[in-house]
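[1] Okay, predicted coordinates and the sequence, questions at the end:
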Amino acid sequence: MRSVAKRTPVGPHVDPAIFKRYDIRGVVPDQLNPEVARVIGRAFRNEIAGPTIAVGRDMRTHSDQLADAFCQGLVDSGCHVIDVGRVSTDELYFAVGHLSTDGGVMVTASHNPPEYNGFKMCRKDAEPLSGTDGIYRIQEAVSLGDWDHESGPGKIESREILSAFADHVLSFIDPTKIHPFKIVIDAGNGMAGVTAPKVFSQLPCTVIPLYFELDGTFPNHPANPIEPDNIKDLQRRVASERADFGVAFDGDGDHMLLINENGEPIGGDIVTLLVAKSLLKKNPGATILYNLICSRAVPEAITAAGGQAVRTPVGHALIKPLLKRENALFGGEHSGHFYFQRNWYADSGLIALMMAMEVLSESGMSLSELARSVDPYFRSGELNTKVASIPKTIQRIALAFPDRVVDRLDGLTINFDHWRFNARPSNTEPLLRLNVEAESADLLKEKTEELLGLIRGRKRAASKSKAKA
């Protein structure tokens, strides 16, 4: 352990735009720099019930200096900081639960471009801070220089947790059931390049690594597998290697995307469905959460398997508290985030991957066959549009369907007998996001074009429309 001397606080100007609904995030050094990180660290202590805090960081070029500065702010407040080093975000959540700390901070900007960085923060048991539950209070404390804790100096202790994390991930499956799959994994030069090898070293699979080298400049492609351009290398490699399937992770390693042996993406909602059915076999009647963008196939399958399906808004900071409140066993999002009760209700792409592999092994099917067997619908994928006014655009869409029941849980959702759609504002970008689902490809195309015409003020085909996304 090492002690760090207390320093007199400095109050730099902090851009209020960095305080988001789910986390703190901005451009380095214009919005985030070590001085800003240090005062945010001090303010974070105001929100946490106890003094022991786990801190991790990803591989971005400025993550080390921002993490060190954040730790200094915690030390100034008398905290015992457990520095777990370079980790994935789900590994940081594991550290908070496994080490029984009073809170945790992950220095990362997830899938954002390399000039961004930020802080994902949680309380005891990996309970996330959100805008109205902590982040905006931190913003106020930073702006006022108002620190409740002046008891420093604290101390910093370094701890390695990767081995324990890998054992935890594998505890969700029976490793002896896993077939010797040939898998291409694209880590996107992010933290999955460290976590995935540790987990797969204990499985009979052949892993073909793609961009496992840690590099916060993302020299090969942005570490955001939701964007189709960013998985093209993975698709080509799956084809050339004749692999059973491929996996892509985002920069901080908590978001996972599967592609089948034909290079076609498997939506996070279908992975949610597969994991839910597996869990319900062992836990009949359990509650499963799914966000409102997920396919109708998800609640239909949960109900058919005897489970209780509960619909939620989009976003981890909103879903995690709902999981605990509903005593839910599992929750999934269309975007590839998956939450587990036995993981302190936190999300982990690696755990979801293990469970999907176990289901695939037991099915005796290819991944494409397995997905087709549970998925009768066609989907547009997420279609994003910059509009002058998101509220006015959503209202214009609602007025176009005056006879339908309007659902305002998250944006606007309207259900029809043979199709449905959701239009909602992005929580991280100035965009309106549209998702459409239908029972046929022709109906999907027709309704997607109709809705994009309403949104964009003209008739226009959906260039990114995907069947069975």
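    All right, it came through fine.
[2] what's downstream of the helix or strand of the chain with the lowest mean pLDDT, the next helix or strand?
    Here the helix or strand of the chain ranked lowest by mean pLDDT, DSSP states H and E is strand 2-3, holding a mean of 39. Per DSSP states H and E, the first helix or strand lying C-terminal to strand 2-3 is strand 24-27.
[3] Break down the stretch 201-350 of the chain into its strands, ranges please.
    206-210, 245-249, 256-259, 265-266, 287-291, 308-312, 330-332, 338-340 (DSSP state E, counting those that start in this stretch).
[4] how about those in JSON lines, adding mean neighbour count and mean pLDDT?
    Backbone N, C-alpha and C define where each C-beta goes, glycine included. Converted to JSON lines, these look like this (neighbours: other CB atoms under 10 Å; pLDDT from 0 to 100):
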{"stretch": "strand 206-210", "mean neighbour count": "18", "mean pLDDT": "98"}
{"stretch": "strand 245-249", "mean neighbour count": "27", "mean pLDDT": "98"}
{"stretch": "strand 256-259", "mean neighbour count": "26", "mean pLDDT": "97"}
{"stretch": "strand 265-266", "mean neighbour count": "24", "mean pLDDT": "96"}
{"stretch": "strand 287-291", "mean neighbour count": "25", "mean pLDDT": "97"}
{"stretch": "strand 308-312", "mean neighbour count": "18", "mean pLDDT": "96"}
{"stretch": "strand 330-332", "mean neighbour count": "29", "mean pLDDT": "97"}
{"stretch": "strand 338-340", "mean neighbour count": "26", "mean pLDDT": "96"}
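[5] export these to CSV and tack on distance to Pro376?
    Listed next are the strands of the stretch 201-350 of the chain as CSV, based on distance: least, CB to CB, whole Å:
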stretch, distance to Pro376
strand 206-210, 32
strand 245-249, 21
strand 256-259, 19
strand 265-266, 15
strand 287-291, 17
strand 308-312, 17
strand 330-332, 18
strand 338-340, 22
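[6] Do you have the strands of the stretch 51-200 of the chain handy? List them.
    Secondary structure of the stretch 51-200 of the chain (DSSP E, counting those that start in this stretch): strands at 52-57, 80-86, 103-107, 116-123, 155-158, 182-186.
[7] Please tell me how far Leu444 sits from Leu451.
    Per CB to CB, to the nearest Å, Leu444 is found 11 Å from Leu451.
[8] Now the common contact residues for those two.
    Common contacts of Leu444 and Leu451, defined by CB atoms under 8 Å, 6 or more residues apart in numbering, comprise Val436.
[9] tell me which strands and helices the helix or strand harbouring Arg42 is in contact with?
    According to DSSP H and E, Arg42 maps onto helix 34-47. With contacts taken as 3 or more CB pairs under 8 Å, 6 or more residues apart in numbering; DSSP states H and E, helix 34-47 sits against helix 63-76, strand 103-107, strand 116-123, helix 135-144.
[10] Relative to Phe19, which of these is closest?
    Phe19 lies closest, by CB to CB, to one member of these: helix 135-144, at 4.2 Å.
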